[in-house]
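Asker: Need the 3D shape of this:
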Amino acid sequence: MTLGAPMFMPIIGMAGLPFIQKKLLQKQLEDLKPKLLADLTIKLQEVHFRFYKEVENYVVSSISHIENETNLVFQNKSEMHEQALLQKLDQLHKGVTTEEETQVKYREALLQLENQQKLLR
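Answerer: Below is the predicted model of the structure:
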């Protein structure tokens with residue numbers, strides 16, 4: 001046996017090499033798993049935080065845009081109503097014969113204008 005051992009030992013070692021490599025790789029994987037999971041958890045939290053911030057910025061920007069557009073439309077409509085009331089006042093002023101009628105119609109138109117302005121505020 002002593003004479004054949006040096007010849008058979010490398011052969012036996014070569015047969016066990018894939019098994020030993022597999023065990024070493026499994027051991028390395030088991031050693032790296034906790035670190036990889038911790039790193040992955042940190043990266044996922046960072047991605048989640050960035051995604052949340054991007055969505056938040058998008059929503060805030062959209063709300064601001066909608067608010068500005070709504071205010072612009074409201075202002076245009078209120079100006080149109082004001083112009084219509086002023087035209088109505090002019091027409092009433094031209095068509096009135098007595099001073100009392102003028103004052104009554106003028107007050108009514110003025111009240112309508114004030115009510116419109118209150119609604120706009």
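Asker: Would you map the helices across the protein?
Answerer: Ranges of helices within the chain are 5-95, 99-120, based on DSSP state H.
Asker: Just put those in a markdown table and tack on mean neighbour count and mean pLDDT.
Answerer: Yep, even glycine has a C-beta here, placed from its N, CA and C like the rest. Below are those laid out as a markdown table (neighbours: other C-beta atoms under 10 Å; pLDDT from 0 to 100):
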| stretch | mean neighbour count | mean pLDDT |
| --- | --- | --- |
| helix 5-95 | 10 | 85 |
| helix 99-120 | 12 | 79 |
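Asker: which non-adjacent residue is nearest residue 81?
Answerer: In space, and not counting its chain neighbours, residue 81 is closest to residue 116: 5.4 Å by C-beta to C-beta, 6 or more residues apart in numbering.
Asker: so the one you found touches residue 82, yeah?
Answerer: Yes - at 6.8 Å, residue 116 counts as touching residue 82 under the criterion of C-beta atoms under 8 Å.
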